[in-house]
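K.L.:
how would this look folded up:
(2 chains)
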Number of protein chains: 2
Amino acid sequence: MIRTPYLLFLGDAPDQLAAKVAQGIQDWRPENVVGQLRMEGCNADVGATDMSLAEAYEKGARTLVIGVANRGGVISEAWLDVLSEALEIGYDIASGLHNLLREEPRIVAAAKAYGRQLHDVREPGENFPIANGKRRRGKRVLAVGTDCSVGKMYTGLAMDAEMRSRGMKSSFRPTGQTGILITGQGIPLDAVVADFMAGAVEWLTPDSDEDHWDHIEGQGSLWHVSFSGVTMALIHGGQPDALILAHEPTRTHMRGLPDFGIPSLESLRDMALPLARIANPSAVIAGVSVNTKALNDAEARQVCDEIEARMQLPTVDPFRHGAGRLVDALQSIS
Amino acid sequence: MIRTPYLLFLGDAPDQLAAKVAQGIQDWRPENVVGQLRMEGCNADVGATDMSLAEAYEKGARTLVIGVANRGGVISEAWLDVLSEALEIGYDIASGLHNLLREEPRIVAAAKAYGRQLHDVREPGENFPIANGKRRRGKRVLAVGTDCSVGKMYTGLAMDAEMRSRGMKSSFRPTGQTGILITGQGIPLDAVVADFMAGAVEWLTPDSDEDHWDHIEGQGSLWHVSFSGVTMALIHGGQPDALILAHEPTRTHMRGLPDFGIPSLESLRDMALPLARIANPSAVIAGVSVNTKALNDAEARQVCDEIEARMQLPTVDPFRHGAGRLVDALQSIS
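P.N.:
Model prediction:
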């Protein structure tokens, strides 16, 4: 659990894309953001108020979140100066960098000296039980993709936001580093030891009120041979009541695997639903989420209409069209 | 890689079952066994020659393998005396115990003092790459089960032994601790970090001759919600050319999951084959392996005949009937 609210550290981000973690936090949990801290040479701006460490701390910020990729995979001296000062002032630090905070002697020493927490969110930091498969109360929805990186996290966050705006009980349950930094909690599932993956997902989505929805962040794809085991653990540990099929219509091969074609949405449905019903016999497919970023409005509309007619499922790009119809579908099955 | 041959340490095994790892080594790799070492109070005997540490070392043994479960989950003082002496004499030690050798200060100190290796085979001990899905040369077969613990390891070992006896090129590829101790190599897949599971299986079953068969040890079950992710990684990382369906006909529910029924062999076939074809489009189901331990000869025959007629696949209990017909089936597809 990461203390909120945050000051977002953008460092010397070379461009906007490098700050996408910070942007995600600002977009999805603006209430967690006090401001942004930009160093000289920073070319990113996520739209938060620029602040110094001292100013933001005074306004209540309690964790400095590294919301930017570091250049060349090293934490520079200039960064270390800022991070050390933050620890001295009173901040915890949270990071999703490959370089771990706990492997930086200056940071570790300062955190110890001032009694602060370091959160390396790529590390599980918990011991999880082996999954027991017991049915848990409350509702769960999981996006499963025709490939990796087709918008599963975005879909979950958008459905969660829509449910909250309707006054429904809803939680986003992150399983990757960006989601963890956005919400301040979750599990980096890809870093959990194999035997405990499904147990970690059970732990992440515990018993809740019958009318509460957990939006479990998806990972990988059943068709992606590098990561399909992680997807499987989400389907069985998550015991979702509903699946959302996630798709990117312009993808020509599986991400990182040029020899592997993208499956059809029908194939995904026919594979994922029986697997989901092993853990939850009443699981259904509730809708389709299409990532239409590469298309214009008319093309996006056409692709969604075509899929909707073919699959007989509500089909939207939640970024372009909102997640309302997906939430309508979830409400109708609860 | 564990140095062979072995002296099998049976300790103070309360009964034969406690020494099942040692029995597995003696049954499947007798050429790796110089003898067995039994302490006072040992009630197990795996059929190897009783020897002292010094005698076995003189006859060539180079690793003392702990082939027995320890009582109460602790390594006793009496054991520590024997293990320390073994290190002094010249042995490495290999263990699949939950208590790690490297967490026993006396053992660690002795190993360091004498320059010996400690093998805790429950630990991966390697960093594996992320799976790349590239097709590898050679043939691979994987047993997938209707449940955990239905004889998948035994099936693989039996097919490997049958192929060797026919002069075929064949390797057993262990993915669990017993198999690793039997063969002296392999990967404890359930202890590998999620992102690297499929990559570990690729590493375990590299390119080989076109007429060489890898018998990949199966783990878990697609229907076992605690471990299905591990099974999935084996199917996609292993890219098997052939699947063997493994089944225990008297099981009434999934192991450790009383609320989960056992799937039919037809369901297993219909789920596993499309998943396998994602990684290897020419994958086929080659046969059925039935664990008939709970049945008499006539019942076993009847069950296998019934399944064979229903599934139209060669069906045997490799323990009772031999693995010959399964190997025939594999030969016919290569």
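
K.L.:
CA only for contacts and neighbour counts going forward, please
P.N.:
Will do.

K.L.:
give me the pLDDT for A:G125.
P.N.:
pLDDT recorded at A:G125 is 83.

K.L.:
quickly note the distance from it to A:Q185.
P.N.:
Going from A:G125 to A:Q185 by Cα to Cα, to the nearest Å gives 11 Å.

K.L.:
so which residues on chain A come close to chain B?
P.N.:
Contact residues (Cα under 8 Å from any Cα of the partner chain) of chain A with chain B: A:130-134, A:189-199, A:223, A:225-233, A:236-237, A:256-257, A:259, A:271, A:275, A:278-279.

K.L.:
pull out the buried residues from those.
P.N.:
Among these, the ones that count as buried by 16 or more other Cα atoms under 10 Å in any protein chain shown are A:130-134, A:189-199, A:223, A:225-233, A:236-237, A:271, A:275, A:278-279.

K.L.:
quick revisit: and A:G125 and A:Q185? Which one has more around it.
P.N.:
A:Q185 (20 against 13; other Cα atoms under 10 Å in any protein chain shown).

K.L.:
what residue in the stretch 51-200 of chain A comes nearest to chain B?
P.N.:
A:V193 (4.2 Å; Cα to the nearest Cα).

K.L.:
can you pull the contacts of that residue?
P.N.:
B:D190, B:A191, B:V192, B:V193, B:A194 (Cα atoms under 8 Å, 6 or more residues apart in numbering or on different chains).

K.L.:
which residues of the stretch 51-200 of chain A fall in helices?
P.N.:
Assigned helices in the stretch 51-200 of chain A, in chain order: A:53-58, A:77-89, A:105-114, A:152-165, A:177-183, A:197-204 (criterion: DSSP state H, counting those that start in this stretch).

K.L.:
buried ones in stretch A:307-324, by neighbour count?
P.N.:
A:I307, A:E308, A:L313, A:P314, A:T315, A:V316, A:D317, A:P318, A:F319, A:G322, A:A323, A:G324.

K.L.:
burial measure for A:A294, as a count.
P.N.:
A:A294 has 12 nearby residues by other Cα under 10 Å.

K.L.:
quick one, helices of the stretch 201-334 of chain A?
P.N.:
Using DSSP H, counting those that start in this stretch, the helices of the stretch 201-334 of chain A run over A:228-238, A:265-279, A:297-311, A:318-321, A:324-333.

K.L.:
gap between the fourth one and the chain center?
P.N.:
Mean-position distance between helix A:318-321 and its chain equals 17 Å (Cα atoms, centre = their mean, to the nearest Å).

K.L.:
again, but for the third one
P.N.:
Its chain's average C-alpha position is 26 Å from that of helix A:297-311, according to Cα atoms, centre = their mean.

K.L.:
and that helix, what does it pack onto?
P.N.:
Contacts defined by 3 or more Cα pairs under 8 Å, 6 or more residues apart in numbering or on different chains; DSSP states H and E place helix A:297-311 against strand A:315-316.

K.L.:
one more: the second one?
P.N.:
The contact analysis (3+ Cα pairs under 8 Å, 6+ apart) places helix A:265-279 against helix A:228-238, strand A:242-247, strand A:284-290.

K.L.:
would you reformat the ones you listed as JSON lines and include distance to A:D328?
P.N.:
Formatted as JSON lines, those follow (distance: least, Cα to Cα, whole Å):
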{"stretch": "helix A:228-238", "distance to A:D328": "21"}
{"stretch": "strand A:242-247", "distance to A:D328": "12"}
{"stretch": "strand A:284-290", "distance to A:D328": "9"}
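
K.L.:
just give me the closest of the contacts of A:V193 to A:S84.
P.N.:
Nearest to A:S84 among the contacts of A:V193 is B:V193, at 31.4 Å by Cα to Cα.

K.L.:
the closest one bridge partners, please.
P.N.:
When bridges are called by DSSP bridges, B:V193 pairs up with A:V193.

K.L.:
next one, pLDDT for it please.
P.N.:
Per-residue pLDDT puts B:V193 at 96.

K.L.:
same check on A:N70?
P.N.:
For A:N70, the model assigns a pLDDT of 78.

K.L.:
looks like it contacts A:H98 (just checking).
P.N.:
No. The criterion here is Cα atoms under 8 Å, and A:N70 misses it with A:H98 at 9.2 Å.

K.L.:
these two: which is more packed in?
P.N.:
Ranked by neighbour count (other Cα under 10 Å), A:N70 and A:H98 place A:N70 first, with 21 against 14.

K.L.:
tell me who's in contact with the spatially closest residue to A:L97 that is not a sequence neighbour.
P.N.:
Nearest residue to A:L97, sequence neighbours excluded (Cα to Cα, 6 or more residues apart in numbering or on different chains): A:A69, at 6.8 Å. By Cα under 8 Å, 6+ apart, the residues touching A:A69 are A:A13, A:A18, A:A19, A:L97.

K.L.:
need the contact list for A:D160.
P.N.:
Counted by Cα under 8 Å, 6+ apart, A:D160 has contacts A:S170, A:S171, A:F172, A:H215.

K.L.:
if I look at the last one, how far off is chain B?
P.N.:
A:H215 is 19 Å from chain B, where distance means Cα to the nearest Cα, to the nearest Å.

K.L.:
ok, back up a step: make JSON lines from the helices of the stretch 201-334 of chain A and add mean pLDDT to it.
P.N.:
Output for the helices of the stretch 201-334 of chain A, formatted as JSON lines (pLDDT from 0 to 100):
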{"stretch": "helix A:228-238", "mean pLDDT": "98"}
{"stretch": "helix A:265-279", "mean pLDDT": "98"}
{"stretch": "helix A:297-311", "mean pLDDT": "98"}
{"stretch": "helix A:318-321", "mean pLDDT": "96"}
{"stretch": "helix A:324-333", "mean pLDDT": "97"}
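
K.L.:
among the ones you listed, which is nearest B:R301?
P.N.:
Closest approach to B:R301 among the helices of the stretch 201-334 of chain A (Cα to Cα): helix A:265-279, 30.5 Å.

K.L.:
starting at the chain centroid, how far to that closest one?
P.N.:
Distance, centroid of helix A:265-279 to centroid of chain: 22 Å (Cα atoms, centre = their mean).

K.L.:
so what touches it?
P.N.:
Contacts to helix A:265-279, defined as Cα under 8 Å, 6+ apart, come from residues A:133, A:144-146, A:222, A:235-237, A:239-240, A:243, A:245, A:247, A:283-285, A:311, B:223, B:225, B:271.

K.L.:
okay, now the unreliable bits of chain A?
P.N.:
Under the criterion pLDDT under 70, no range of chain A is flagged.

K.L.:
surely A:Q36 is within a helix?
P.N.:
No. Assigned with DSSP: H, G, I helix; E, B strand; the rest coil, A:Q36 falls outside any helix and is strand.

K.L.:
what's the neighbour count on it?
P.N.:
By other Cα under 10 Å, the residues close to A:Q36 number 26.

K.L.:
wait, what's in contact with the closest residue to it other than its chain neighbours?
P.N.:
Take A:Q36 and drop its neighbours on the chain: the residue closest to it by Cα to Cα, 6+ apart is A:L8, 4.5 Å away. Contact partners of A:L8, counting by Cα under 8 Å, 6+ apart, are A:A22, A:V33, A:V34, A:G35, A:Q36, A:L37, A:L64, A:V65, A:I66, A:G67.

K.L.:
next one: A:G167 from B:S228, what distance?
P.N.:
Look at A:G167 and B:S228: by Cα to Cα, they are 36 Å apart.

K.L.:
oh, I was asking about A:L268
P.N.:
Distance from A:L268 to B:S228, by Cα to Cα: 18 Å.

K.L.:
name the nearest residue to the residue of the stretch 201-334 of chain A found nearest chain B, sequence neighbours excluded.
P.N.:
Scanning the stretch 201-334 of chain A for proximity to chain B using Cα to the nearest Cα identifies A:G229 as nearest, at 4.0 Å. With sequence-adjacent residues excluded and distances taken as Cα to Cα, 6+ apart, A:G229 is closest to B:G229, at 4.0 Å.
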